[in-house]
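Trainee: Below are the sequence and a predicted model; questions follow.
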Number of protein chains: 4
Amino acid sequence: MVKVGVLGATGMVGQRFIQLLSNHPDFELTTLAASSRSAGKRYEDATTWYLNDAMPEEVKDIVVCDTTPEAMSNDVDIVFSSLPTEFAAKVEKEFAKDYVVASNASAMRMKKNIPLVIPEVNPEYLDMIDAQQKENNWDGFIVTNPNCSTIALTLSLKPIADNFDIKSIRVSTMQAISGAGYNGVPSMAIVDNLVPYIGSEEEKMESETLHLLGNYDGEKVTDANFKLSASCHRVPVIDGHTEAVFIELEDDFELEDIKNKMANFKALPQELNLFSAPENPVIIKDEDYRPQPRMDRNAGNGMSVSVGRLRKDQAFDKSFKYVLVGHNTIRGAAGASVLNAELINDKIL
Amino acid sequence: MVKVGVLGATGMVGQRFIQLLSNHPDFELTTLAASSRSAGKRYEDATTWYLNDAMPEEVKDIVVCDTTPEAMSNDVDIVFSSLPTEFAAKVEKEFAKDYVVASNASAMRMKKNIPLVIPEVNPEYLDMIDAQQKENNWDGFIVTNPNCSTIALTLSLKPIADNFDIKSIRVSTMQAISGAGYNGVPSMAIVDNLVPYIGSEEEKMESETLHLLGNYDGEKVTDANFKLSASCHRVPVIDGHTEAVFIELEDDFELEDIKNKMANFKALPQELNLFSAPENPVIIKDEDYRPQPRMDRNAGNGMSVSVGRLRKDQAFDKSFKYVLVGHNTIRGAAGASVLNAELINDKIL
Amino acid sequence: MVKVGVLGATGMVGQRFIQLLSNHPDFELTTLAASSRSAGKRYEDATTWYLNDAMPEEVKDIVVCDTTPEAMSNDVDIVFSSLPTEFAAKVEKEFAKDYVVASNASAMRMKKNIPLVIPEVNPEYLDMIDAQQKENNWDGFIVTNPNCSTIALTLSLKPIADNFDIKSIRVSTMQAISGAGYNGVPSMAIVDNLVPYIGSEEEKMESETLHLLGNYDGEKVTDANFKLSASCHRVPVIDGHTEAVFIELEDDFELEDIKNKMANFKALPQELNLFSAPENPVIIKDEDYRPQPRMDRNAGNGMSVSVGRLRKDQAFDKSFKYVLVGHNTIRGAAGASVLNAELINDKIL
Amino acid sequence: MVKVGVLGATGMVGQRFIQLLSNHPDFELTTLAASSRSAGKRYEDATTWYLNDAMPEEVKDIVVCDTTPEAMSNDVDIVFSSLPTEFAAKVEKEFAKDYVVASNASAMRMKKNIPLVIPEVNPEYLDMIDAQQKENNWDGFIVTNPNCSTIALTLSLKPIADNFDIKSIRVSTMQAISGAGYNGVPSMAIVDNLVPYIGSEEEKMESETLHLLGNYDGEKVTDANFKLSASCHRVPVIDGHTEAVFIELEDDFELEDIKNKMANFKALPQELNLFSAPENPVIIKDEDYRPQPRMDRNAGNGMSVSVGRLRKDQAFDKSFKYVLVGHNTIRGAAGASVLNAELINDKIL
């Protein structure tokens, strides 16, 4: 068993980490770090638990430690980070001197030699790790996963990008409130309402997606060369981001072909049979009224993306449209980091 | 005062008609028609009132009549129709023999010589009326208004189409539950959820918008020649449709120029000072977090469309994006028919 | 394995039955009956599945049959009924000629010699079955469970009634929308709103609770002799009824004593280790802000009632107050019938 | 015109004050005070406006001042306070040296010689002002209004208390999220959920109601001598508190008599024709499904309390039940202070 810790353990994504790591076959959660306000307290006393499933028994008595490398138990190998961006920017590098850092924070995502990875999409970006370690003289390293709305979109795009030439994409999101953290969206802002703006979200989707579907030549990443524009909105849904996608290809296509490529998409995590890897990264829904966030967010234990309303775009040549739902705090956050760590554990450690 | 009636008076759009016609300076509401289940009862007894504002006193005692031309009081000139599509297809023609029919139903919208009109957009389509009357040998006529999501979009497009060459549009909607009628969306379907499909909505948006922004040469309408694709979704908002719009122009542009054209847009209803015409058909919101349906749906008494997040599209040349909110049962339904009738009353009757 | 069937299998409670019976160690679900509209179709084709968890694979291919005893497979022993009241009133008696009917319908609940049972509360009422069979000359029999809001209340009252003399109870409910069936509550009725009335609900709570906590002398039930008044309201919550309870006892008490009696309450289903019996029928929450429906409805797999805010009532002598949450379609409906059947299977069959 | 100011002008109740004082016939709003963060800025620049109706034009350019008596314009006579409790406790006394303070804060409500007033209920408590001024050597004075849920309850009780002998009351509330302030309730806490606790709310309801319905003998208040117990809960409703009330009288009664007394209740504000006084402080709804917060909160411009489901309590002698809805930030907060000020302006200034 690999010993693991969670940084930012009391927050909402931190709690998802704990939930996903409870009863994990390869990882043993031994260390929980949080702010100085929580450090020194039992986890149960330090935490207002937000998830619908109860707090796992085995973490209740863990004494929360400070978010410093020195505070870690000696035997931890991997730390999962759900730290706020600015704090992550400062502290993840400190941890990387000695630990594998699997980070959901956005701070380091687009930095040189920091792999931004979805295991089904671009596992080869892990090859950056050598250069990262040498450059920084680190024994550990940092691996990041993308933004929540990016992950769901990119997973659905991968079987398309592998088989067709994408020309352009427009995507309009309807994102869940949990994406903003427990206190992020006041109820007064969202009951009988929606909010048509999420800070930095469109920029992240537009840059990270092209980076993930790009090409790593051993030195640098060349972004995918299609065009991508996003419009991001918050709706009164607890968990599960929904995205309406408009795609133009360079060439003609059969819709059935697109559908089959998505439905049958399997990749490295499925081959390796990684614990958190869903049987099907992309699930096709044929019913008109699906996917819906409340009904489909938990597909594949929250690790699959559900795609529906796949249809030809009558207005544009060589174009089609679909709607997807992905779980934003599982596949879009904690589960993404855990799957990254499972891949690293299988291939590198 | 022109005497008017409402067909479908007990339904949700019917109630909006009653609300908007109460205290109207030019129209006197004298006749309320509904299904045979309601006919013969006092309106107050026949109706479960759904609007937040109380039922106007003056309609409570009106005895509901059948939905037949014969049942109308003799002195009615205009009937407003919020009938269900199939019933409208049958019965509106009967009414048109003697009455002006201002219809919110979709049945006749795209038929030859039936004007589909937004007074700020294409008032000249009313010139079809002559041909319509001759062709059918009617003393009255039918005028229709578009689908709720089409109206809001098209109003925002008009100042753009007047001043720039539109190449393509993608629009993704987040539509209010009231658009489906009172019993249309079960709460089980929409609490902590959204529904990614609205029957026929995308087809209506795609065809009606091009028709409205087209050209009528005195004989037939030539559709606008840009491309338009819609993806339509239902969200848990009571009233107010939100739409994320991606636009490509044929030529370069200054964003400030687009903004000014929208903000300063005035048209015939404003010139004629029609009672229901908003001072500004399009209102520009500069704050990042606007427009929001709960905050902006009532702008201009529900007759203005609020546009925000107007921004260059960095991914595509000659392109920009924005988000709009419009009140779906006022500007998008009953208010649209009433404004049509006001224009007709001013110019034709 | 006992073969079982579900009547009303396509409805919302019917779906819960299927979910709870999937992988049941003692019951094998072989027969699904529904209205003639569904009969003859594969279950998957006949049903719009409403639950967040996916439809169990093993029921998809079952061909739905008519709701008649003749349509049942020969080898079924128990049928679970979630039929509408009026239809249940007619048809459950037909089934009782040959089958054990475990019914969630209200039609027969308060009839002579029909046991209305919560296994933790009044298992001895099952003794009525003999008289029921003789009286009707049936080989099978009918057992019913109470209304959803009654079950949660009565479970929480049982450890109190066993140890203290209750004088009076007032209860005010905040009930989930799923209690009205999938199409029961329009979203227009409940978004940014609540509905202060649920037809017949208060009457059911007031009569069933006293009946359940009464005394069966082998011939008839004498109701519990305290007073009980209910006020019932619908709120925008998917699942989980919340109830605010005001209780007056006949004598003085220690609050800690009440709390311990509730927390330590175990009864026959726990002794018999019935499959669906929760470890703790009543769970005490100490945090001020609990219980909450979204957080606590699934406690004990939806079979426990969570009680919080237990406090002395400063205004009234010998009085206390608390708030409870119970899952209305699991413990309050399908799970209640299943637990009844498990008890019958253990003690009678 | 009396010049008035608002303390806490940028908050949610502060905004309601501004809305209600806009176009007021007797009060001219000249001064807006807020925290030092806002002081010195134009009101429009200092404020995120939360109300659905737009910010009144006339306040946009007012420069926000500090919350000190010195910062007030010289000619202000009345200041309305929506300050947080602790700050109010310190600063309202400073203002009372020179100004009339009409406060919605809870800090001073139950203090000796500070009138806690609902104009329809206990206007005679204003007689405390003389003693208050002498005792403190103030030229101004403080008048307070009760907690939001107390006001709605007490208004409905007044016509009962005037005509019958109340023995006991239990009340269970379903309170709107706006009562907690804009950022008070995270959406994660309340979507598909409710919160069964509101800090100090039950204590306020239990003490303030008895105080308001008590007797002031010129020296001190003797509380009403019935018993009152409250259980308070938060539900996902924007505005409008709903309360389920169980009442026991000392004597027998006719329900019709109770109903008539409530429906016909008029008091001093109605006699004086105060600007904000609703025609009917209590409105009786006969429909089973009313009152509902979204439909009834704006009755009487938000100043009336709607009472429905008035029914005999079959379980208890001499008892009845009802459900009420009142607007929590109009009648329950800003409107309450404004009506108090109107009464003071009419009778005292």
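Mentor: Perfect, thanks for sending it. Numbers count the residues shown, from 1 in each chain, chains lettered A, B, ... in the order given.

Trainee: Distance-wise, check A:A96 relative to chain D.
Mentor: 32 Å (CB to the nearest CB, to the nearest Å). C-beta: built from backbone N, CA, C; applies to glycine.

Trainee: Surely that residue touches A:T144?
Mentor: No: counting by CB atoms under 8 Å, A:A96 does not reach A:T144; the two are 11.3 Å apart.

Trainee: Have a look at the two and say which one is more surrounded.
Mentor: A:T144 (27 against 24; other CB atoms under 10 Å in any protein chain shown).

Trainee: and the residue in the stretch 1-150 of chain A that chain D sits nearest to, how many residues sit next to it?
Mentor: As assessed by CB to the nearest CB, chain D sits closest to A:Y50 within the stretch 1-150 of chain A, at 6.7 Å. Residues lying near A:Y50 (other CB under 10 Å) number 20.

Trainee: what does the stretch 201-349 of chain A have sitting close to chain B?
Mentor: Counting by CB under 8 Å from any CB of the partner chain, the stretch 201-349 of chain A comes close to chain B at A:206, A:227-229, A:231, A:233, A:235-238, A:242, A:244, A:246, A:288-295, A:308-309, A:313-316, A:319, A:321, A:323.

Trainee: Could you tell me which of these belong to helices?
Mentor: Per DSSP state H, helices hold the following members of these: A:E206, A:P293, A:R294, A:M295.

Trainee: Does A:I78 have any beta-bridge partners, and if so which?
Mentor: A:V4, A:V100 (DSSP bridges).

Trainee: Contacts only, for it.
Mentor: If you count contacts by CB atoms under 8 Å, 6 or more residues apart in numbering or on different chains, A:I78 has them with A:V2, A:K3, A:V4, A:G5, A:F27, A:Y99, A:V100, A:V101, A:A102, A:A341, A:I344, A:N345.

Trainee: burial measure for the nearest residue to the fifth one once chain neighbours are set aside, as a count.
Mentor: Nearest residue to A:F27 in three dimensions, chain neighbours excluded: A:V4, at 4.6 Å (CB to CB, 6 or more residues apart in numbering or on different chains). A:V4 is flanked by 25 other residues according to other CB under 10 Å.

Trainee: quick one: A:V4 and A:D75 touch, right?
Mentor: No: contact status for A:V4 versus A:D75: not in contact, 10.2 Å apart, counting by CB under 8 Å.

Trainee: joint contacts of those two?
Mentor: Counting by CB under 8 Å, 6+ apart, the residues touching both A:V4 and A:D75 are A:T30.

Trainee: Now do the residue nearest to A:F27 against C:Y125, distance only.
Mentor: 53 Å (CB to CB, to the nearest Å).

Trainee: What of A:T173?
Mentor: Going from A:T173 to C:Y125 by CB to CB gives 55 Å.

Trainee: Looking at these two, which one has more neighbours?
Mentor: A:T173 (28 against 21).

Trainee: what's the angle between the host helix or strand of that one and strand B:166-175?
Mentor: If you go by DSSP states H and E, A:T173 is part of strand A:166-175. Strand A:166-175 and strand B:166-175 are oriented at 30 degrees to each other (axes from the mean of the first three to the mean of the last three CA atoms, to 10 degrees).

Trainee: so what secondary structure elements neighbour strand A:166-175?
Mentor: helix A:148-161, helix A:201-212, strand A:227-234, strand A:241-249, strand B:166-175, strand B:241-249 (3 or more CB pairs under 8 Å, 6 or more residues apart in numbering or on different chains; DSSP states H and E).

Trainee: Chain A against chain C: which residues are in contact?
Mentor: So chain A meets chain C at A:N52, A:D53, A:A54, A:V191, A:D192, A:I238, A:R294, A:M295, A:N298, A:A299 (CB under 8 Å from any CB).

Trainee: what's the most distant pair in those residues?
Mentor: Comparing every pair within the residues of chain A next to chain C by CB to CB identifies A:A54 and A:D192 as the most remote, at 31.3 Å.

Trainee: More neighbours: which of those two?
Mentor: A:D192 (24 against 12).

Trainee: My guess is the more buried one contacts B:V235. True?
Mentor: No: using CB under 8 Å, A:D192 makes no contact with B:V235, being 10.2 Å away.

Trainee: all helices for the stretch 1-150 of chain A, in order.
Mentor: A:12-21, A:43-46, A:57-60, A:85-96, A:128-136, A:148-161 (DSSP state H, counting those that start in this stretch).

Trainee: Export those helices as TSV, with columns for mean pLDDT and distance to D:D162.
Mentor: Converted to TSV, the helices of the stretch 1-150 of chain A look like this (pLDDT from 0 to 100; distance: least, CB to CB, whole Å):
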stretch	mean pLDDT	distance to D:D162
helix A:12-21	97	52
helix A:43-46	96	52
helix A:57-60	96	56
helix A:85-96	96	61
helix A:128-136	97	80
helix A:148-161	98	59
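
Trainee: Could I get those in JSON lines, plus columns for distance to B:P115?
Mentor: As requested, the helices of the stretch 1-150 of chain A are exported to JSON lines (distance: least, CB to CB, whole Å):
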{"stretch": "helix A:12-21", "distance to B:P115": "54"}
{"stretch": "helix A:43-46", "distance to B:P115": "67"}
{"stretch": "helix A:57-60", "distance to B:P115": "68"}
{"stretch": "helix A:85-96", "distance to B:P115": "55"}
{"stretch": "helix A:128-136", "distance to B:P115": "63"}
{"stretch": "helix A:148-161", "distance to B:P115": "42"}
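
Trainee: Out of the ones you listed, which gets nearest to A:L349?
Mentor: Per CB to CB, nearest to A:L349 of the helices of the stretch 1-150 of chain A: helix A:128-136, 11.1 Å.

Trainee: now for that closest one, which elements pack on it?
Mentor: Using 3+ CB pairs under 8 Å, 6+ apart, helix A:128-136 sits against strand A:141-144.
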